[in-house]
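Enquirer: Sequence and computational prediction follow.
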Amino acid sequence: MIRALGMMSGTSLDGVDAAMIETDGRRIAGFGRSAYRAYSGNESGLLHAALGQWPGGPDVAEAAALSVAAHAALAEGFPEAELVGYHGQTLAHDPGGRGTHQAGDGAALARRLGRPVVWDFRSEDVRQGGEGAPLAPFFHWACAEWAMGQGLLPRAPVAFLNLGGVGNLTLVDPAAGAPEARGACIAFDTGPANAPVNDLMRARRGLARDEGGRLALQGRPDEAVIARFLCHPHFARPVPKSLDRDAFPALAAEVAGLSDADAAATLTHAAAAAVAAGLAALDRAPELVLVCGGGRHNAAMMAALAARLPARVAPVEAAGLDGDMLEAQAFGWLAVRVLRGLPTSGPGTTGAPGPVCGGRISHPARR
C-alpha cells in the first residue's frame with residue numbers, strides 16, 4: 001500500500017483541495033487527512049484571465065506558476081505522503097481539436113516537494129482518441145466497492161454525480177470485477193454545473209458563488225430558457241463525452257434580462273436538467289444518485305435534482321465518503337495506478353479505443 005496525496009483545483013476556480021489516501025491502485029485501504037487552500041480574489045482573477053488559453057498564451061505562465069506555488073504550499077503540510085497526484089489547472093479542453101491544457105509543471109512541483117509527482121493525467125487519453133475526461137470514474141468504482149464492503153451501499157448499480165464547474169456522472173456496476181472491465185463504468189460530462197452560477201454572481205454581485213443556493217431559492221426558473229439550452233448539440237451526442245468549462249456561452253446571454261434571483265434559479269435548474277437528460281440517454285438507470293463536489297452544498301441545486309431526476313438523490317456522505325475531497329482523493333488513487341502501470345481511463349469513460357494509463361511521473365532531482 002502507498003500513502004498518496006491527491007490534489008485538485010477544479011473549474012470552479014475557488015481553491016485547491018488536498019487529501020490523503022492509502023491504496024495499492026486497486027483497493028482503497030483507508031482515507032487520511034485533508035485540507036483546503038482558498039484562492040484569493042486576485043488569484044482567482046488571474047486564473048479567470050487565463051481561461052481558454054493554450055500553452056504560450058499571454059496569461060498562462062503566471063497561472064501555471066500560481067498553480068504550482070499554491071499546491072506546493074498545501075502539500076508541504078503532508079509530510080507523510082510518499083507520492084503526490086497533481087492535476088494542474090484546466091484552462092482549455094478541446095479533445096477533438098487542440099487537445100487539453102492543464103497549466104502547472106509537475107516536475108517543478110516535485111523539485112519543490114522533494115517527492116515524486118504524477119501529473120498531466122489527461123493528455124495521453126486525448127492522444128489515443130479519448131475525450132480526456134472525466135477521469136474520476138475508475139475511482140468512483142473503487143469507492144463503490146469500498147462502501148459496499150463497509151455495508152453502506154447495496155450491491156446494485158449506483159451513480160456518482162460530481163458538481164464542480166462542470167457536472168460529470170459515473171454509472172458504476174459492481175458486478176464487474178475491475179473498473180476497466182466492460183460495463184463497469186459508464187461516464188460523461190452532463191453539462192455546466194456551478195460555473196454559470198458562479199460567473200453570474202461574480203459579474204452581478206461581486207461574489208464567488210450563490211452561497212447555499214439562497215438567491216436561486218428566491219427566484220423562478222425560466223423553463224423556456226432551459227428548453228432552448230437542452231437543444232445544444234452536446235445533449236444529442238452519445239456517451240462518453242466531455243466539455244470545456246465555457247462550452248455554453250449562450251446561456252449567460254439567455255438570462256441577461258432576468259432578475260438576479262430568476263437568473264440564478266434558471267442556471268441552477270439548467271444544470272439539473274442537463275443531468276436528467278444524461279440519465280434519460282442511458283440504457284439502464286440507477287436507483288440512487290450520490291452527489292459530490294461543491295454543488296451538493298447548494299440547497300437549490302439539490303432540490304432541482306430531486307425534482308428532475310428519476311432516482312433518489314443523496315449527498316455522497318450517505319455512502320461514508322467525503323464529497324468535498326472525492327476528486328482530490330481520486331488523483332491520489334490515480335497517481336498510484338500510474339505508478340503501477342494500471343489503466344486510468346477506457347472506452348466507457350472517455351471513449352478511448354482501449355484502456356489507457358495516462359500521466360507522467362516526475363522525480364525530485366537526486367542530491
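Expert: The structure has been received and is ready for your questions.
Enquirer: how about the strands in the stretch 51-200 of the chain?
Expert: For the stretch 51-200 of the chain, strands defined by DSSP state E, counting those that start in this stretch occupy the ranges 83-94, 99-103, 117-119, 158-163, 166-172, 185-192.
Enquirer: So for the shortest one, mean pLDDT?
Expert: What that stands for is strand 117-119. What strand 117-119 shows for mean pLDDT is 98.
Enquirer: coming back round to it: got CSV for the strands of the stretch 51-200 of the chain, with mean neighbour count and distance to L215 too?
Expert: In short, each C-beta sits where N, CA and C put it, glycine included. Output for the strands of the stretch 51-200 of the chain, formatted as CSV (neighbours: other Cβ atoms under 10 Å; distance: least, Cβ to Cβ, whole Å):
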stretch, mean neighbour count, distance to L215
strand 83-94, 25, 27
strand 99-103, 22, 31
strand 117-119, 28, 37
strand 158-163, 28, 17
strand 166-172, 28, 20
strand 185-192, 27, 17
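Enquirer: distance of A73 from S362?
Expert: 18 Å (Cβ to Cβ, to the nearest Å).
Enquirer: Those two - which one has more neighbours?
Expert: Shown here are A73 and S362; by other Cβ atoms under 10 Å, S362 has more neighbours (20 against 12).
Enquirer: which stretch among the strands of the stretch 51-200 of the chain comes nearest A250?
Expert: Of all the strands of the stretch 51-200 of the chain, it is strand 185-192 that lies closest to A250, at 11.2 Å by Cβ to Cβ.
Enquirer: Convert that closest one to CSV, retaining C-alpha atoms only.
Expert: Output of strand 185-192 as CSV, limited to C-alpha atoms (Å, rounded to 0.1, in the frame of the first residue of the first chain):
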residue,chain,number,x,y,z
CYS,A,185,-18.1,2.3,-15.6
ILE,A,186,-20.1,4.5,-18.0
ALA,A,187,-19.2,8.1,-17.5
PHE,A,188,-19.7,11.5,-19.2
ASP,A,189,-19.8,15.2,-18.6
THR,A,190,-23.5,16.1,-18.1
GLY,A,191,-23.2,19.8,-18.8
PRO,A,192,-22.5,23.0,-16.9
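Enquirer: Next, format the strands of the stretch 51-200 of the chain as JSON lines and append distance to G57.
Expert: Output for the strands of the stretch 51-200 of the chain, formatted as JSON lines (distance: least, Cβ to Cβ, whole Å):
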{"stretch": "strand 83-94", "distance to G57": "8"}
{"stretch": "strand 99-103", "distance to G57": "9"}
{"stretch": "strand 117-119", "distance to G57": "19"}
{"stretch": "strand 158-163", "distance to G57": "27"}
{"stretch": "strand 166-172", "distance to G57": "21"}
{"stretch": "strand 185-192", "distance to G57": "23"}
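Enquirer: Looking at the ones you listed, which is nearest to P286?
Expert: Comparing the strands of the stretch 51-200 of the chain under Cβ to Cβ, the one sitting nearest is strand 158-163, at 4.2 Å.
Enquirer: helices or strands next to the longest helix seen in the chain in the packing?
Expert: Taking DSSP state H as the criterion, the chain has its longest helix at helix 260-280. In terms of contacts (3 or more Cβ pairs under 8 Å, 6 or more residues apart in numbering; DSSP states H and E), helix 260-280 is packed against strand 158-163, strand 166-172, strand 185-192, helix 194-205, helix 214-217, helix 223-229, helix 249-254, helix 299-308.
Enquirer: Those: which one's closest to G25?
Expert: Minimum separation from G25 across those (Cβ to Cβ) falls at strand 185-192, 15.7 Å.
Enquirer: Now do the closest one against helix 194-205, angle only.
Expert: Angle of strand 185-192 versus helix 194-205, following axes from the mean of the first three to the mean of the last three Cα atoms, to 10 degrees, is 20 degrees.
Enquirer: State the paired neighbours of strand 185-192 in the sheet, together with their directions.
Expert: strand 166-172 (antiparallel) (DSSP bridges).
Enquirer: ok, residues contacting the strand it pairs with?
Expert: 11, 133-134, 136-137, 140-141, 144, 157-162, 184-193, 195, 242-243, 245, 271, 274-275, 278-279, 282, 284, 286, 289, 295, 349 (Cβ atoms under 8 Å, 6 or more residues apart in numbering).
Enquirer: what separates the residue lying closest to Q150 once chain neighbours are set aside from A250, distance-wise?
Expert: Distances taken as Cβ to Cβ, 6 or more residues apart in numbering place G320 nearest to Q150, at 5.9 Å, with adjacent residues excluded. Per Cβ to Cβ, G320 is found 40 Å from A250.
Enquirer: ok, these two, which is more surrounded?
Expert: G320 (14 against 10).
Enquirer: What are the buried residues along stretch 235-252?
Expert: F235, V239, P240, K241, S242, L243, D244, R245, D246, A247, F248, L251 (16 or more other Cβ atoms under 10 Å).
Enquirer: among the residues you listed, which two are most distant?
Expert: Pairwise over the buried residues of stretch 235-252, using Cβ to Cβ, the maximum falls at P240 and L251, 22.4 Å.
Enquirer: Give me the pLDDT value at S12.
Expert: Confidence score, pLDDT, at S12: 80.
Enquirer: Could I get the contacting residues of it?
Expert: By Cβ under 8 Å, 6+ apart, the neighbours of S12 are G164, G165, N194, A195, N198, R209, G294.
Enquirer: Kindly provide the distance from it to Y39.
Expert: 10 Å.
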